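Peer 1: let me see the structure of the following:
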Amino acid sequence: MASVLADPDFELLCLVDSAAGARIMESALAGAARPLPVLVELGVEGGRTGVRGVDDALSLARLVAASPRLTLAGVEAFEGVFPQRRDDDSPERVRRWLDALPEFARRADAEGLFAEADEVIITAGGSSYPDLAADALLEPSGLSRPVRRIIRSGCYVTHDDLFMERASPLRSAADDDPLRPALTCHARVLSRPEPGRALLGVGKRDVSFDIDLPVPRVLVRGERRIPLTGTARVVALNDHHAFLDVTGTGPDTPAVGDVVELGLSHACTVFDKWPLIPVLNGEHRVVDAVRTLF
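Peer 2: Below is the predicted model of the structure:
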């Protein structure tokens, strides 16, 4: 860590949520060319990492600001540990909790804890509540330093068929011009071993399954695209196969050699599995590829 700080053009920000963590950073930074910019992390009670309240966060901020090897650069939070749904009181709980960010920034600034920083960074915003995070980050105003506000809602890049479609403020049920799912997986029908069952050549190693199973969208047969909505359902995955339950026995049901286009859930897991994702045009031809760094 100390060596990368020798490059003045390299911007490194690090989170801290404890005095022990700050002391480890200081030890690792012996001989560093410049102090390390640090964001104090605010966390949710019972959730993941992060200081559990503004008063404790300020105590940690004072320790960071007093260190010759660290610079207090701002505050970070991730509200995605709250239930990611819009049909209960979760949005209101998120709003109340996000109020801690501007409160911390105001109080830390009033104590002069950002004295060594050129700007104050305030960042939050998972993909389910970017609208609420943006509202919270509009405050505070009138600090002694310029404020850089960063929303980290990366799943907008692709959206999805289930997880983000349930939670995003730009889901189809909540917006006149919604995000549309852009992640699909094409899987060949390998076998029809039993009535009502097809086996696809895709499994846990290929598609996300940590929140929802893939959704059959379309049967691709040559130039034909046959909708599968309501007539097929992925019921299980193993390492290399998907188990597809099929209703009906007509000619437009999946047959060996056909391709099933699957919609996916939870883009983060897809990005983790596929470091290079092909991009299709409107005619479903591969025209580009996107490399993921996740």
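
Peer 1: CA atoms for contacts and neighbours, from now on please.
Peer 2: Will do.

Peer 1: may I have the secondary structure class of residue 26?
Peer 2: helix (DSSP: H, G, I helix; E, B strand; the rest coil).

Peer 1: is it true that it touches residue 71?
Peer 2: No. Applying Cα atoms under 8 Å as the test, residue 26 and residue 71 come out as separate, 11.0 Å apart.

Peer 1: who's more crowded, the two?
Peer 2: residue 71 (24 against 19; other Cα atoms under 10 Å).

Peer 1: OK, contacts around the closest residue to residue 213 other than its chain neighbours?
Peer 2: Counting by Cα to Cα, 6 or more residues apart in numbering, the nearest residue to residue 213 once its immediate chain neighbours are dropped is residue 234, at 6.6 Å. Each residue near residue 234 by Cα atoms under 8 Å, 6 or more residues apart in numbering is listed here: 213-216, 242-245.

Peer 1: doesn't residue 10 belong to a strand?
Peer 2: No. Using three-state DSSP, the secondary structure at residue 10 is coil, not a strand.

Peer 1: separation between it and residue 115?
Peer 2: Residue 10 sits 21 Å away from residue 115, going by Cα to Cα, to the nearest Å.

Peer 1: which one of these two has more residues nearby?
Peer 2: Neighbours were tallied for residue 10 and for residue 115 using other Cα under 10 Å; the higher tally belongs to residue 115 (17 against 9).

Peer 1: if we can go back for a sec, the residue nearest to residue 213: what secondary structure?
Peer 2: strand.

Peer 1: likewise for the one 10 residues further on?
Peer 2: Using three-state DSSP, the three-state assignment for residue 244 comes out as strand.

Peer 1: how about the strands in the stretch 1-150 of the chain?
Peer 2: Using DSSP state E, counting those that start in this stretch, the strands of the stretch 1-150 of the chain run over 14-16, 36-42, 70-77, 120-124, 147-151.

Peer 1: ok, and for the longest strand belonging to the chain, which residues are buried?
Peer 2: Using DSSP state E to define each element, the chain has its longest strand at strand 184-194. For strand 184-194, burial by neighbour count (16 or more other Cα atoms under 10 Å) applies to 184-190.

Peer 1: residue 151: how many residues sit nearby?
Peer 2: For residue 151, the count of nearby residues is 17 (other Cα under 10 Å).

Peer 1: chain neighbours aside, what residue packs nearest to it?
Peer 2: residue 125 (5.0 Å).

Peer 1: you'd agree that neighbour is up against residue 134?
Peer 2: Yes. The criterion here is Cα under 8 Å, and residue 125 meets it with residue 134 at 7.4 Å.

Peer 1: more neighbours: those two, which one.
Peer 2: Set residue 125 next to residue 134 and count neighbours by other Cα under 10 Å: residue 125 wins out with 24 against 17.

Peer 1: quick one, what contacts that one?
Peer 2: With Cα under 8 Å, 6+ apart, residue 125 has these contacts: 77-80, 131-134, 151-153.

Peer 1: check residue 258 too.
Peer 2: Neighbours of residue 258 in contact, by Cα under 8 Å, 6+ apart: 188-189, 219-221.

Peer 1: in a markdown table: the residues you listed, plus distance to residue 141.
Peer 2: Listed next are the contacts of residue 258 as a markdown table, based on distance: Cα to Cα, whole Å:
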| residue | distance to residue 141 |
| --- | --- |
| 188 | 55 |
| 189 | 58 |
| 219 | 53 |
| 220 | 54 |
| 221 | 58 |
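
Peer 1: so what's residue 188 up against?
Peer 2: 200-202, 256-260.

Peer 1: same check, this time on residue 261
Peer 2: Residue 261 makes contacts with 184-187, 216-220, as judged by Cα under 8 Å, 6+ apart.

Peer 1: out of those residues, who's nearest residue 5?
Peer 2: For the contacts of residue 261, the residue nearest residue 5 by Cα to Cα is residue 184; the value is 40.5 Å.

Peer 1: tell me the pLDDT at the closest one?
Peer 2: pLDDT recorded at residue 184 is 94.

Peer 1: please name the nearest non-neighbouring residue to it.
Peer 2: residue 263 (4.9 Å).

Peer 1: the one you found touches residue 213, doesn't it?
Peer 2: No. With contact defined as Cα under 8 Å, residue 263 does not reach residue 213; the gap is 9.1 Å.

Peer 1: got a pLDDT number for residue 1?
Peer 2: 63.

Peer 1: let's have the chain start at 23 instead
Peer 2: In the new numbering, first residue 23, that becomes residue 23.

Peer 1: alright, that wraps it up for me.
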